[in-house]
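Student: let me see the structure of the following:
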Amino acid sequence: MSSINEILQEAIELPEDQRFTLVYRLLTVGEPRPSDDVMRAWHMEIRNRIQRYDRGESHSPTVSEVFKDLDDHLTT
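Tutor: This is a model prediction of the structure:
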């Protein structure tokens, strides 16, 4: 069996997208799997949000807006 340091070194050498996938899988390995109903509801919500954005009914904040809101929140 590989040691943690050996596994870490192999992970570091992965392409960035595969590293992120590995991290996500490691973080969620102990989480209960959401039900099919919950997953369907999330997919519907995501689809609805994209459609509202495409119709111009919502907008994505700029990075500066996000950081300003974060700063405001952290200083209050």
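Student: where in this protein is pLDDT low?
Tutor: Within the chain, the set of residues satisfying pLDDT under 70 is empty.
Student: where does the residue nearest the centre of the chain land in three-state SS?
Tutor: Residue closest to the average C-alpha location in the chain (Cα atoms, centre = their mean): Tyr24, at 8.2 Å. Three-state call for Tyr24 (DSSP: H, G, I helix; E, B strand; the rest coil): helix.
Student: which residues touch it?
Tutor: By Cβ atoms under 8 Å, 6 or more residues apart in numbering, the contact list for Tyr24 is empty. Every residue, glycine included, has its C-beta placed from N, CA and C.
Student: can you tell me how far it is from Arg49?
Tutor: 21 Å (Cβ to Cβ, to the nearest Å).
Student: where do the strands of this structure begin and end?
Tutor: Remark: no strands are assigned in the chain by DSSP state E.
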